[in-house]
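>>> sequence and predicted structure are below.
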Amino acid sequence: MKTHIEVSSQRRKGRRAQLGAPSNIRYKLMSAHLSKDLRKKYNVRALPVRKDDEVTVVRGTHKGTKGKVSSVYRKRWVIQIEKLTRTKANGMPYQIPIRPSQCIITKPYLNEDRKQLLARKASAKVSTKGKGEKHTTESTKKAD
């Protein structure tokens, strides 16, 4: 059942919106979870991946690999990590592309904008805490 009037429930429209998204929208869609200790520290679950973030691959054949993000390739929906390289037949090295959803951020690159983003996301999470919970007997008694 459709719950939001401005969002289509047709799969093809959702796929088209995501796969044909412009770069500024892909920025947000290419997010990765923070590690558990960072999640507690910042009170934020995920951040858009950025160059110079330190990440750990947690899924796939390269599971366990740690490294710094060398580039974010939004057009192909992938990131490249410095230590994940392979050599071509002619001997030239190239970086293996990894999807951001396969990684967790272990050390985010923090500049002023990123710090403000973390603060904004954490404050939004605190302000909406408890809004989706069901009513308890205590809360209904207070209303009476």
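Okay, I see it.
>>> and what about residue 142, helix, strand or coil?
helix (DSSP: H, G, I helix; E, B strand; the rest coil).
>>> which of the residues in the helix or strand where residue 28 lies are buried?
For residue 28, the element it lies in under DSSP states H and E is helix 23-29. Buried residues in helix 23-29, counted by 16 or more other Cβ atoms under 10 Å: residue 26. (C-beta placed from N, C-alpha, C; glycine too.)
>>> who's in contact with that helix?
Applying Cβ atoms under 8 Å, 6 or more residues apart in numbering, the external contacts of helix 23-29 come out as 18, 21, 48, 74-75, 77.
>>> narrow these to those in helices?
residue 18 (DSSP state H).
>>> next, residue 15: phi, psi?
Here is the backbone geometry of residue 15 (degrees, to the nearest 10): phi -60, psi -40.
>>> what about it, distance to residue 21?
11 Å (Cβ to Cβ, to the nearest Å).
>>> quick one, which of the two is more surrounded?
residue 21 (15 against 10; other Cβ atoms under 10 Å).
>>> any idea how far the more buried one is from residue 14?
11 Å.
>>> ok, residue 102 - contacts?
Per Cβ under 8 Å, 6+ apart, neighbours of residue 102: 57-60.
>>> oh, I was asking about residue 78
97-100 are the contacts of residue 78 under Cβ under 8 Å, 6+ apart.
>>> residue closest to the middle of this structure?
Geometric centre of the chain, nearest residue: residue 31, 2.0 Å, by Cα atoms, centre = their mean.
>>> list the contacts of that residue.
Counting by Cβ under 8 Å, 6+ apart, residue 31 touches 46-49, 100.
>>> tell me what it is bridged to.
residue 48 (DSSP bridges).
>>> and for residue 59, the neighbour number?
12.
>>> please renumber so the chain begins at 181
Got it, the first residue is 181 from now on, which makes the last one we talked about residue 239.
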